[in-house]
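In: test case, fold it:
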Amino acid sequence: LLGGCTSQIKKEDPLTSENMKYSTMSDEDTQKKVSDFLSKNNIDKEDISMFMQSVKHYYKSVEGVELLNENERLSKMQVPYNLYDLSDKWIENNPNFTDQNCRITAFRLFNKFIISNSSLDYDKIDNTNLEMDYATLRDNPDAKFSKEDMNKFFNFFSNIKVSDFNDVKKSADEIAKEFKNRKISFKSDENISIINGYVPDEENNALFVGHTGVAINTKDGVIFIEKYGFELPYQITKFKNKEELKSYMVDRLKTSITGESQAYEPVVMENDKLM
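Out: Residues are numbered from 1 along each chain as shown. This is a model prediction of the structure:
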């Protein structure tokens, strides 16, 4: 998929002897390839259409700004996006609504694989850390979902209480248990999964999804699709295996947007299982 992308960039991956390959999906040729790839992996056609509409809208909004700033490299595994210029350009062109983030993007692609039998809506859950998501879903025309899917989104991403931030295995078990309590399960598909990276909300003794994306298995590796963050690019990355993807997620969550290292160990889940 990434072999012919004109926006492909190679950079050294410190965990392997080979280069990690990624693309920002900023050109039409890559967008067409990604759309076809998603269709072949059973992503809902309407969701693909909305996803690609969001991608096109984003790159039109930040047109003229260099995507990368090599002087602001966060870590050897993370892409040094031009955070402040991209954010300023997005806001200049879209003053009335917030850009989409990783959670909304991942849910757009994966929501049909999530089963949620809970009737809880946004006002009846612990919506801490999801206020900006709610504003985006309410105001951004490219981020619209049905009321049923909105409820599913908040049921899936709302905070999860845990007993010990420092025990990753125990936290993973508590996440899986809470999914059962919320009547959340997953449709069986060996090729596609959602990867959630949980980080502490110490004030509320809970974990929340600090970053997420969708992983799709291929014959020679794993394709990971993510929105790097509010006002930041869409990214598609090829890893050799799930171990490399997990290492990337851990690195992503332990390095703040300002480049500071975090003390916690993130809990990285594939669907309802610890990676």
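
In: let me see the ranges of the helices in the stretch 101-250 of the chain.
Out: In the stretch 101-250 of the chain, the helices defined using DSSP state H, counting those that start in this stretch lie at 102-110, 131-139, 147-157, 168-181, 242-254.

In: Tyr24 reaches Glu66, doesn't it?
Out: No, residue 24 isn't Tyr; it's Thr. No. Using C-beta atoms under 8 Å, Thr24 is not in contact with Glu66, being 11.4 Å away. In this view, the C-beta of every residue, glycine as well, is placed from N, C-alpha and C.

In: more neighbours, these two?
Out: In this view Thr24 and Glu66 are compared by other C-beta atoms under 10 Å, and Thr24 has more residues nearby, 23 against 11.

In: among the helices of the stretch 101-250 of the chain, which is the most enclosed?
Out: Highest mean neighbour count among the helices of the stretch 101-250 of the chain (mean count of other C-beta atoms under 10 Å): helix 102-110, with a mean of 24.

In: am I right that Gln100 is in a helix?
Out: No. Per DSSP: H, G, I helix; E, B strand; the rest coil, Gln100 lies outside any helix segment and is coil.

In: list the contacts for it?
Out: Remark: with contacts taken as C-beta atoms under 8 Å, 6 or more residues apart in numbering, Gln100 is in contact with 54, 58, 136, 140, 142-143, 227, 230.

In: same list (those) but as JSON lines, adding pLDDT.
Out: Formatted as JSON lines, the contacts of Gln100 follow (pLDDT from 0 to 100):
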{"residue": "Ser54", "pLDDT": "98"}
{"residue": "Tyr58", "pLDDT": "98"}
{"residue": "Thr136", "pLDDT": "96"}
{"residue": "Asn140", "pLDDT": "96"}
{"residue": "Asp142", "pLDDT": "95"}
{"residue": "Ala143", "pLDDT": "96"}
{"residue": "Lys227", "pLDDT": "97"}
{"residue": "Phe230", "pLDDT": "93"}
